[in-house]
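Chemist: What would the 3D arrangement of this be:
(chains A and B)
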Amino acid sequence: MADTKKLAIIASQGTLDWAYPPFILASTAAAMDMEAVIFFTFYGLPLLKKEIDAKVSPHSNPAMPMKMPFGSKEFQSFNWPVPNVVSGNMPGFDNMATMLMKETFKKKGVATIEQLRGMCQEFGVRFIACQMTMEVFGFEKEEFIDGVEYGGAATFLEYAADANISLFI
Amino acid sequence: MSEMTSNMELNCEGLNCPLPILKTKKAIDSLNSGEVLKMTATDPGSVSDMASWAKRTGHEVIAHTEAGNVHTFFIQKK
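Modeler: Next up, the predicted model:
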């Protein structure tokens, strides 16, 4: 197709909440017959690992609603006020919040990160891992899923120069 | 309203963005040109999303109805 639109995304964050936008947008773009590339750099790089271990941290997200995925509708709607001294100091708080968020997403029919990542690959979205970040943080190619390309800033920019949509996430 | 015919049915009820779009894309890919997919969804956002998806891909939403919370789309492959 002569008029294929192109989407270029830099995924720089690796927490559960920030893992969603790159995979949602890239998979949807591909479903809309666009070309899509995600360049994974810095904290976004672990999203290419075979086992994704993304968590969410309410302590560093003051606007994040703290809600329960079970109980009556009123109970689920209640936004629990959690003081920073609790969210920052209570061992396992992030794990609990992560579990609650995953459960909420599941109940609401939202795909998992793994599912969206799989759809991206199925639809031909290209994943590029930042080679420099791999060196700095000590990642090995064996830790990542198959089908990943490796490159640097120039590799991304060469593609992004012709992109219709470029996003830094 | 007379019942429309479809070549394939896809149930996306209970699923949220972007799954109805992604599953619709997969289903459409498996059809031949001119064939019709019947897709049902409960995601209120799917109304706007299906229209945008169709506009971009060239497939046509030939009918959309709503009953209760369920949206039914008939999509013809280009």
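
Chemist: Near chain A, which residues of chain B? Just list them.
Modeler: Residues of chain B lying close to chain A (CB under 8 Å from any CB of the partner chain) are B:14-19, B:21-22, B:24-26, B:43, B:52-53, B:56-57. Where C-beta positions appear, they are placed from N, C-alpha and C, glycine not excepted.

Chemist: Make a ChimeraX selection of the buried ones in the residues you listed.
Modeler: In ChimeraX, a selection of the buried entries from the residues of chain B next to chain A looks like this (16 or more other CB atoms under 10 Å in any protein chain shown):
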select /B:15,16,17,18,19,21,22,24,25,43,53,57
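
Chemist: Quick check: the residue positioned nearest the centre of chain A vs chain B, distance?
Modeler: Centroid check for chain A by CA atoms, centre = their mean gives A:A19 as the closest residue, at 1.3 Å. Remark: distance between A:A19 and chain B (CB to the nearest CB, to the nearest Å) = 14 Å.

Chemist: In three-state terms, label that residue for me.
Modeler: Three-state call for A:A19 (DSSP: H, G, I helix; E, B strand; the rest coil): helix.

Chemist: That one and A:Q13 touch, don't they?
Modeler: Yes - counting by CB atoms under 8 Å, A:A19 does reach A:Q13; the two are 7.4 Å apart.

Chemist: show me the contacts for whatever residue of chain B ends up closest to chain A.
Modeler: At 3.7 Å from chain A, B:K25 is the closest residue in chain B, using CB to the nearest CB. Contacts for B:K25 were tallied using CB atoms under 8 Å, 6 or more residues apart in numbering or on different chains; they are A:30-32, A:123, B:53, B:57.

Chemist: Which of the residues you listed fall within helices?
Modeler: Cross-referencing those against helices under DSSP state H gives A:30-31, B:53, B:57.

Chemist: For the residues you listed, could you give me JSON lines that also reports distance to A:Q131?
Modeler: Below are the ones in helices among the contacts of B:K25 laid out as JSON lines (distance: CB to CB, whole Å):
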{"residue": "A:A30", "distance to A:Q131": "24"}
{"residue": "A:A31", "distance to A:Q131": "29"}
{"residue": "B:W53", "distance to A:Q131": "35"}
{"residue": "B:T57", "distance to A:Q131": "34"}
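
Chemist: Please dump those residues into a markdown table; it should also carry distance to B:V36 and pLDDT for every row.
Modeler: Converted to a markdown table, these look like this (distance: CB to CB, whole Å; pLDDT from 0 to 100):
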| residue | distance to B:V36 | pLDDT |
| --- | --- | --- |
| A:A30 | 23 | 98 |
| A:A31 | 18 | 97 |
| B:W53 | 16 | 97 |
| B:T57 | 15 | 96 |
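
Chemist: mind listing the helices for chain B?
Modeler: B:19-29, B:46-57.

Chemist: what separates the shortest one from the chain centre, distance-wise?
Modeler: Helix B:19-29 has its C-alpha centroid displaced from the chain centroid by 8 Å (CA atoms, centre = their mean, to the nearest Å).
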